[in-house]
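Here's my sequence, what's the structure:
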Amino acid sequence: MFRLAFLVLLTLPLATACLAQQFPIMPGGELPVATIELDKMPWTTIPSISAAQQFATIVGDRAKPGFYIQLVRWPPHSVLKAHSHPDDRYVMVLSGTFYHGIADKFDESKLEARPAGSFFTEPKGVRHFGMTKDEGTVLYFVGTGPSTTDNLEK
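Below is the predicted model of the structure:
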């Protein structure tokens, strides 16, 4: 829980500015109180990355310059082969167990289990991969765009 609280405190000043871009500004320029329930998120797919994963952008737009927060929902038995990103990413596992590895090619022997509540980083340009097993998972990503998923292993 300490890690989650730290992540929230770390991103709060940046998130406030980004949320102001997505929600109507109150008189005087204040950020309105906003709530988004996980089960009511507008989830979408990005077929060029993965047909199985679903994405929900909470703050910003990872395709544009600036801070973003994005959720990624992985169904059970999903695999995303080795790839990299041009930005540093900070990740929290919100639910389920995520299996994450660092290498140029997918290698199941290099996967490490990251249960709900785990925090990890994905430094820019570092190739990594992931999968789920019998349960799905939801990951919470924080980064600075523009961001892409590069060098996806075939």
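
Using CSV, write down the CA coordinates of whichever strand or helix holds residue 141.
Assessed by DSSP states H and E, residue 141 sits inside strand 137-145. Backbone C-alpha positions of strand 137-145 (Å, rounded to 0.1, in the frame of the first residue of the first chain) are rendered in CSV as follows:
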residue,chain,number,x,y,z
THR,A,137,-4.7,-8.6,-14.6
VAL,A,138,-5.1,-4.8,-14.8
LEU,A,139,-1.9,-2.7,-14.9
TYR,A,140,-1.7,1.1,-14.2
PHE,A,141,0.9,2.9,-16.4
VAL,A,142,2.3,6.4,-15.9
GLY,A,143,4.5,7.9,-18.6
THR,A,144,5.3,10.9,-20.8
GLY,A,145,4.3,10.9,-24.4
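
avg pLDDT for that strand?
Mean pLDDT, strand 137-145: 96.

what does stretch 123-131 give?
With pLDDT averaged residue by residue, stretch 123-131 scores 97.

What residues of that stretch count as buried?
Residues of stretch 123-131 classed as buried under the neighbour-count rule (16 or more other C-beta atoms under 10 Å) are 127-131. Where you see a C-beta, it was placed from the backbone N, CA and C, and this is true even at glycine.
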